[in-house]
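>>> model this:
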Amino acid sequence: MSKRYVSLLPSLLIFAGVSFFQLLWSAVDEEPKAIFTAVFWEKYKNESFSYAPWGNETEENATIVDISVGSSSLSRKFAYYGNGKLNLYSKQRLNEWEDENATVASNLTNIAAEFELPLSNTGVKEYLLLFTNKKKNGLWKIHPLPFSKTEIPFGSYKFVSQSRSTMYLIFGEEKITLEGGKSFICPANLVEGRRGIMLKVMMQSNGKIAEVFSQRWGHSPKMRGIFFIGMSGKKMSVKRVVEFEKPLSSASGYGLPSLKSSEQESEEVEAKNL
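Numbering: from 1, shown residues only. The predicted model follows:
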């Protein structure tokens, strides 16, 4: 080998090393395809799920993250970097005699819910996954709702009608006509001197407009959410879900590598998602 090629060898090795680490960091620092939050529609439900933030749960040493979903409030946000379908697996409790690695593997065979991510090249998508009921095949039925801060800014709420009839709302200082099956986005303008914000719902009955619901709700400019409004039998049903302003990096699974290569790295993944 000539002296010229020998002298170039260290530079090539350094370049290759730099390129490798650039690729590694670009993968970790890449923006997720979507950010999700979830809630059960049914009352008193609470379940834990496992998922792969990169959608590669079939790979050995794939990074796996646990999330908890309840019915009284939105779950913590969780990030997804994969393409196509998000799979959520039932999280099983670890018994004393079971091996942790074996239990993780068995968890990933019990798929509980799935969501096909729409194709898009327009930045990070945000969705609220509404768990409604279980299908015949045993999977939870998910109703996805767009939940971007562009559509519903902080300090605003989306009102979703689950009634066939038109409803008339008074929300703080705003008056809203909400047609059956439609939705409307409205800022929360507090009445001066009042704590919280009042929501009143009125409907037409026997040719007259009657108030059917009235409740004051806590509010902050750093909150946003969705009101689901409909009839449960003869009684008005109102369900509100809200989130508080937090950085994107606080989402479970955010910034994690697709694979965990060691026990130490696994512990770091768990610590980051506490």
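>>> my guess is E30 meets Y81, correct?
Yes: between E30 and Y81 a contact is recorded at 6.6 Å, counting by CB atoms under 8 Å. C-beta coordinates here come from the backbone N, C-alpha and C atoms, glycine included.
>>> neighbour-wise, which of the two wins?
Y81 (23 against 11; other CB atoms under 10 Å).
>>> Starting from E59, give me the distance back to the more buried one.
13 Å (CB to CB, to the nearest Å).
>>> Which residues are in contact with each of these two?
S258 (CB atoms under 8 Å, 6 or more residues apart in numbering).
>>> tell me the centre residue of this structure?
T37 (1.6 Å; CA atoms, centre = their mean).
>>> Could you grab the helix/strand/coil label for it?
Per DSSP: H, G, I helix; E, B strand; the rest coil, the local secondary structure of T37 is strand.
>>> can you map out the strands along the stretch 51-200 of the chain?
For the stretch 51-200 of the chain, the strands defined by DSSP state E, counting those that start in this stretch cover 65-70, 78-80, 85-90, 111-116, 125-134, 140-146, 156-161, 167-171, 174-178, 183-187, 197-205.
>>> right, so of those, which gets closest to H219?
Nearest to H219 among these is strand 197-205 (4.6 Å), distances taken as CB to CB.
>>> What residues of that closest one count as buried?
Neighbour-count burial for strand 197-205, counted by 16 or more other CB atoms under 10 Å, picks out I197, L199, V201, M202, M203.
>>> and those as a markdown table, adding pLDDT and distance to S72?
Putting the buried residues of strand 197-205 into a markdown table (pLDDT from 0 to 100; distance: CB to CB, whole Å) gives the following:
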| residue | pLDDT | distance to S72 |
| --- | --- | --- |
| I197 | 93 | 20 |
| L199 | 96 | 18 |
| V201 | 96 | 21 |
| M202 | 95 | 27 |
| M203 | 93 | 27 |
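>>> which one of these sits closest to L259?
Out of these, the member with the shortest distance to L259 (by CB to CB) is I197, at 46.8 Å.
>>> Can you pull out the low-pLDDT segments for the stretch 1-150 of the chain?
1-28, 92-107 (pLDDT under 70).
>>> May I have the secondary structure class of S249?
Applying three-state DSSP: S249 is helix.
>>> separation between it and E60?
Taking CB to CB, one finds S249 at 27 Å from E60.
>>> do T150 as well
On the measure of CB to CB, T150 and E60 end up 39 Å apart.
>>> S156 too?
45 Å.
>>> So which of the two has more stuff around it?
S156 (17 against 7).
>>> can you pull the contacts of the residue nearest to that one when sequence neighbours are not counted?
Of all residues not flanking S156 in the chain, P187 sits nearest, at 4.7 Å (CB to CB, 6 or more residues apart in numbering). Counting by CB under 8 Å, 6+ apart, P187 makes contact with P153, G155, S156, E174.
>>> hmm, 10 Å instead?
P153, F154, G155, S156, Y157, F171, G172, E173, E174, P221, R224 (CB atoms under 10 Å, 6 or more residues apart in numbering).
>>> now swap in E173 and tell me
With the criterion set at CB under 10 Å, 6+ apart, E173 makes contact with P187, A188, N189, L190, V191, E192, I197, M198.
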